[in-house]
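**Student:** dropping the sequence and predicted coords here.
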2 protein chains.
Amino acid sequence: MIIPTFQDMLDAHVRIAPHIHRTPVLTSSYFNELTGAELFFKCENFQKAGAFKVRGASNAVFGLSDDMLEKGVATHSSGNHALSLSYAAGRRGIPCTVVMPRTAPEAKKAAVRGYGGRIVECEPSTSSREATFAEVVAETGAEFVHPYNDPRVIAGQGTCSRELMEQTDGLDMVIAPIGGGGMISGTCLTLSHMAPEVQIIAAEPEQADDAYRSFKAGHIIADDAPVTVADGLKVPLKDLTWHFVSNHVTDILTASEQEIIDAMKLTWQRMKIVIESSCAVPMATILKNRERFAGKRVGVIITGGNVDMDTLPWLQG
Amino acid sequence: MIIPTFQDMLDAHVRIAPHIHRTPVLTSSYFNELTGAELFFKCENFQKAGAFKVRGASNAVFGLSDDMLEKGVATHSSGNHALSLSYAAGRRGIPCTVVMPRTAPEAKKAAVRGYGGRIVECEPSTSSREATFAEVVAETGAEFVHPYNDPRVIAGQGTCSRELMEQTDGLDMVIAPIGGGGMISGTCLTLSHMAPEVQIIAAEPEQADDAYRSFKAGHIIADDAPVTVADGLKVPLKDLTWHFVSNHVTDILTASEQEIIDAMKLTWQRMKIVIESSCAVPMATILKNRERFAGKRVGVIITGGNVDMDTLPWLQG
């Protein structure tokens, strides 16, 4: 296990700067009044490829040695890492193959293909995904860029909270959603060096609360196929992300499906921004734990905005 | 007819500055590639009360003489002016009555009440709206703040393109939707003084194209109850807005209902911002008249973001 360093994050930031946006930090007087906190939204929904994952993917792709360029890169992903890796590979002009669940949103599949990525579909479970992926790697010889359990990816994701700290005048807490733990690990990597006093809160769907149960148990607990509207957060922790979560995360909070959907719709209505269900989880947990956040300056990482506009969760069922 | 001056716009900007946002100007590499133009989106969807109309409404409310404060203000509006006037009146602590079509989006009615405004409903036609409003004024004695045919309102709306010019490094054109013509008139007022070389393009739904037909005929043509998804653009030109349109607008372009809905959905998908159907009309006309805009630096006024999330137009029918 190679643990990325703070210097790796700084190097990543230089490497990826030409390929990413320094996304804006928005505030909302409505949500400040509603929560009693002072919230700073780091808007990675405005990021290239529509999500923070382009940071880690670009760091891996642009750090690739010349002898690997012809074989290209490959990955499995619930969506945003897939299209981020396709975007980065396209920018470098190398092949990219992604294994995606056949149930992934059509908007994400279309975007992967739009960036020049090749999709191989699997069933929507961790076991099917990993089996299918093994076949792809055997066939192509491509460099595997794991969506989160990869030091290059975590170093890349860490650049997000570096910008957030530079764009705000001190924070008490940073909250981000947790699935496999890539963004939270990058946040831990950066903040534990830059601002160790800042609390790091992870937010997770109740129906995919393996990170929460792992955190309480003190070891990784993985579920095979959780069901949640927050489709980016179904994957389990792995050794590298568990290292950061177990050492640096202050707490993990959870929210129900309805609370996530309500927070997503309310954010669209009041902030006029399109955010994914996954990044509505932090807002949902803030709204149900107001006492925890009131009076605090809280950075909220809005992780992405890639949404299938034809299947909005508050209009289903 | 009192025609507002450039100095009135400058005075308005000082008067309303504490009550409005200086909204950001966004760019989109996706839409630049798609259109061949360089587009600068002035995001009034992020404005207080969710729309540019708060500029004109605040100018009227905060310019009100002391002897009118007790009777307050009143208006008729298809939505955004209603909630903007309610917002401004609430900030000044005076009463506000609005006549709204019973078919107006529920989100807008709820927002008006949320700001403390009182709603009196009418039928969705210009004739019913004006009759109902006459009763309200007789009853309350309130100061009428017309949604667009009012020099205070036009001077306020003109502050938007002043900011747009300050935030960009020169433009060839500015495009905005046209309904009653308040935003376009404000744009004319400001640009004819600040940057007379900038072309001013108005964009209108084909199904409510009274401004287009007026522009071609050389006199005002008004329809009583046009039907369009762009519910903010159903009202006709009046003498004051016709003055600005006939003297300063370069051209009026139109788009079909499907083109408007497609442009709205595409903007949500790619720019990750929530915009109203009304302000999708400019993007729709740019997409169908690419040759007109290619190679040009174009300011696009995103007029508002107040959307009923339960009745999105691409999911209807």
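**Tutor:** Good, I have the coordinates. All of these numbers come straight from a predicted model, not from anything done at the bench.
**Student:** which ones are touching the residue of the stretch 1-150 of chain A found nearest chain B?
**Tutor:** As assessed by C-beta to the nearest C-beta, chain B sits closest to A:Asn45 within the stretch 1-150 of chain A, at 4.5 Å. From N, CA and C alone the C-beta is placed, and that goes for glycine too. Neighbouring residues of A:Asn45 by C-beta atoms under 8 Å, 6 or more residues apart in numbering or on different chains: A:Ala51, A:Ile273, A:Val274, A:Ile275, A:Glu276, A:Cys279, A:Ile302, A:Thr303, A:Gly304, A:Gly305, B:Lys272.
**Student:** ok, now A:Ala17?
**Tutor:** With C-beta under 8 Å, 6+ apart, A:Ala17 has no contacts at all.
**Student:** picking up where we left off before, turn the contacts of A:Asn45 into TSV, columns for distance to A:Gly158 and secondary structure.
**Tutor:** Output for the contacts of A:Asn45, formatted as TSV (distance: C-beta to C-beta, whole Å; DSSP: H, G, I helix; E, B strand; the rest coil):
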residue	distance to A:Gly158	secondary structure
A:Ala51	15	strand
A:Ile273	24	strand
A:Val274	25	coil
A:Ile275	21	coil
A:Glu276	21	coil
A:Cys279	18	helix
A:Ile302	17	strand
A:Thr303	14	coil
A:Gly304	17	strand
A:Gly305	21	coil
B:Lys272	23	coil
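**Student:** which of these sit farthest apart?
**Tutor:** Largest separation among the contacts of A:Asn45 by C-beta to C-beta: A:Ala51 and A:Ile273, giving 13.5 Å.
**Student:** neighbour count: those two, which is higher?
**Tutor:** A:Ala51 (29 against 23; other C-beta atoms under 10 Å in any protein chain shown).
**Student:** name the nearest residue to that one, ignoring sequence neighbours.
**Tutor:** Among residues not flanking A:Ala51 along the chain, A:Gly304 sits closest, at 3.2 Å (C-beta to C-beta, 6 or more residues apart in numbering or on different chains).
**Student:** what parts of chain A come near chain B?
**Tutor:** A:24, A:45-46, A:50, A:107, A:265, A:268-269, A:272-275, A:305, A:307, A:309-310, A:312, A:314-315 (C-beta under 8 Å from any C-beta of the partner chain).
**Student:** I'd like the average pLDDT over stretch A:44-60.
**Tutor:** For stretch A:44-60, mean pLDDT is 96.
**Student:** report the distance from it to the chain centre.
**Tutor:** 9 Å (C-alpha atoms, centre = their mean, to the nearest Å).
**Student:** and the residue positioned nearest the centre of chain A, helix, strand or coil?
**Tutor:** Nearest residue to the geometric centre of chain A (C-alpha atoms, centre = their mean): A:Met183, 4.9 Å. What DSSP: H, G, I helix; E, B strand; the rest coil gives for A:Met183 is helix.
**Student:** how about A:Glu135?
**Tutor:** Taking three-state DSSP as the rule, one finds A:Glu135 in the helix state.
**Student:** contacts only, for it.
**Tutor:** Counting by C-beta under 8 Å, 6+ apart, A:Glu135 has no contacts.
**Student:** how much space between it and B:Asp150?
**Tutor:** 69 Å (C-beta to C-beta, to the nearest Å).
**Student:** repeat for A:Gln269
**Tutor:** 29 Å.
**Student:** of the two, which one has the most company?
**Tutor:** Counted by other C-beta under 10 Å, A:Gln269 and B:Asp150 do not tie: B:Asp150 has more neighbours, with 23 against 19.
**Student:** burial count for the residue nearest to that one when sequence neighbours are not counted?
**Tutor:** Among residues not flanking B:Asp150 along the chain, B:Ala60 sits closest, at 6.7 Å (C-beta to C-beta, 6+ apart). B:Ala60 sits with 27 neighbouring residues when counted by other C-beta under 10 Å.
**Student:** coming back round to it: can you get me a residue count around the residue nearest to A:Ala51?
**Tutor:** 32.
**Student:** that one touches A:Gly50, doesn't it?
**Tutor:** Yes. At 5.6 Å, A:Gly304 and A:Gly50 qualify as touching, with contact defined as C-beta atoms under 8 Å.
**Student:** host element of the closest residue in space to A:Leu26 that isn't next to it in sequence?
**Tutor:** Leaving aside its chain neighbours, A:Leu26 sits nearest to A:Phe41 (4.6 Å; criterion: C-beta to C-beta, 6+ apart). Using DSSP states H and E, A:Phe41 sits in strand A:38-43.
**Student:** again, but for A:Ala138
**Tutor:** helix A:126-140.
**Student:** buried residues in that helix?
**Tutor:** Across helix A:126-140, burial judged by 16 or more other C-beta atoms under 10 Å in any protein chain shown covers A:Thr126, A:Ser128, A:Arg129, A:Thr132, A:Phe133, A:Val136, A:Val137, A:Thr140.
**Student:** as JSON lines, those residues with distance to A:Ala155 and pLDDT would be great.
**Tutor:** Converted to JSON lines, these look like this (distance: C-beta to C-beta, whole Å; pLDDT from 0 to 100):
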{"residue": "A:Thr126", "distance to A:Ala155": "24", "pLDDT": "79"}
{"residue": "A:Ser128", "distance to A:Ala155": "29", "pLDDT": "92"}
{"residue": "A:Arg129", "distance to A:Ala155": "24", "pLDDT": "87"}
{"residue": "A:Thr132", "distance to A:Ala155": "27", "pLDDT": "95"}
{"residue": "A:Phe133", "distance to A:Ala155": "22", "pLDDT": "92"}
{"residue": "A:Val136", "distance to A:Ala155": "25", "pLDDT": "95"}
{"residue": "A:Val137", "distance to A:Ala155": "22", "pLDDT": "93"}
{"residue": "A:Thr140", "distance to A:Ala155": "25", "pLDDT": "94"}
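**Student:** can you tell me what sits against stretch A:158-171?
**Tutor:** A:4, A:9, A:12-13, A:16, A:20, A:22-25, A:40, A:42, A:44, A:52, A:55, A:174, A:183, A:185-187, A:189-191, A:194-195, A:198, A:297-299, A:301.
**Student:** can you check which residues contact both of A:Ala51 and A:Ile273?
**Tutor:** A:Asn45, A:Gly305.
**Student:** what are the ranges of the helices in the stretch 201-317 of chain A?
**Tutor:** A:210-217, A:239-248, A:257-271, A:281-288, A:290-293 (DSSP state H, counting those that start in this stretch).
**Student:** gap between stretch A:196-205 and the chain center?
**Tutor:** The chain centre lies 14 Å from the centre of stretch A:196-205; the measure is C-alpha atoms, centre = their mean.
**Student:** that one: which residues count as buried?
**Tutor:** A:Val198, A:Gln199, A:Ile200, A:Ile201, A:Ala202, A:Ala203, A:Glu204, A:Pro205.
**Student:** and of those residues, the nearest to chain B?
**Tutor:** Nearest to chain B, judged by C-beta to the nearest C-beta, of those is A:Ala203 at 20.1 Å.
**Student:** quick check: the closest one touching A:Val281?
**Tutor:** Yes. Contact criterion C-beta under 8 Å: A:Ala203 and A:Val281 qualify, at 4.4 Å.
**Student:** that older thread, packing partners of whichever strand or helix holds the residue nearest to B:Asp150?
**Tutor:** Using DSSP H and E, B:Ala60 maps to helix B:53-62. Helix B:53-62 is packed against helix B:6-16, helix B:80-92, helix B:151-167, helix B:182-194, with contacts defined by 3 or more C-beta pairs under 8 Å, 6 or more residues apart in numbering or on different chains; DSSP states H and E.
**Student:** least reliable of the ones you listed going by mean pLDDT?
**Tutor:** Minimum mean pLDDT among the helices and strands packed on helix B:53-62: helix B:80-92, a mean of 94.
**Student:** so what touches it?
**Tutor:** Contacts of helix B:80-92 (C-beta under 8 Å, 6+ apart): B:19, B:48-54, B:56-58, B:60-62, B:64, B:69, B:72-73, B:75, B:77, B:95-96, B:98, B:100, B:104, B:108, B:111-112, B:115-117, B:119, B:145, B:147-148, B:232, B:303-304, B:306.
**Student:** perfect, I'm done here.
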